[in-house]
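Student: sharing a model prediction with you, sequence too.
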Amino acid sequence: MGVVHHAAYFVWFEHLRTEYFRALGFPYGELERQGVFFPVVEAACRYREGARYDGLVRVTGWVRAPQGVRVRIDYRAEQEGRVLAEGYTLHARTDAQGRPGRIPPELLARLMAEASPPGEGPSFEAESHGV
């Protein structure tokens, strides 16, 4: 078929998300050492076209304004100017035991400053090769 497996999109979404948090100054590893976790509680992807092997895939993301303990991140994957897929992940702030907790104020302020609907406002990007 010459196209990457559909699960690869969620790996690309995760890569973008972890790099985004790192760029904000809140790497996941450091957050977890502080007892702050953001497990995925919901995820979706609408596939439009298959990514071709060895082609460069650009994933763009937008964070939405946090709602209570939840943060949603929207994604768009493109290859050679074609939209391949659009999706999102929804995360809940928990502690190490999975109990909900408040988003740390410094992180909440950064997320609120970055929040925008998909295709509008600040975005963040990462590139990967179709594997």
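Tutor: Yep, it's here.

Student: CA atoms for contacts and neighbours, from now on please.
Tutor: Will do.

Student: for the least confident helix or strand in the chain by mean pLDDT, packing partners?
Tutor: Every helix and strand of the chain was ranked by mean pLDDT, DSSP states H and E. The lowest is strand 124-129, at a mean of 74. Packing partners of strand 124-129 (3 or more Cα pairs under 8 Å, 6 or more residues apart in numbering; DSSP states H and E): helix 8-23, strand 56-63.

Student: among these, show me which one is buried the most.
Tutor: Mean neighbours per residue, mean count of other Cα atoms under 10 Å, is largest over the helices and strands packed on strand 124-129 for strand 56-63, with a mean of 23.

Student: with just CA atoms, put it into CSV.
Tutor: Output of strand 56-63 as CSV, limited to C-alpha atoms (Å, rounded to 0.1, in the frame of the first residue of the first chain):
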residue,chain,number,x,y,z
LEU,A,56,8.3,14.4,5.5
VAL,A,57,5.2,14.8,7.7
ARG,A,58,4.6,18.1,9.4
VAL,A,59,2.3,18.1,12.5
THR,A,60,0.9,21.4,13.7
GLY,A,61,-0.8,21.7,17.1
TRP,A,62,-3.0,24.2,19.0
VAL,A,63,-3.7,24.1,22.7
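
Student: host element of Arg72?
Tutor: Using DSSP states H and E, Arg72 falls within strand 70-79.

Student: now that strand: mean pLDDT?
Tutor: In this model, strand 70-79 has a mean pLDDT of 96.

Student: all set now, cheers.
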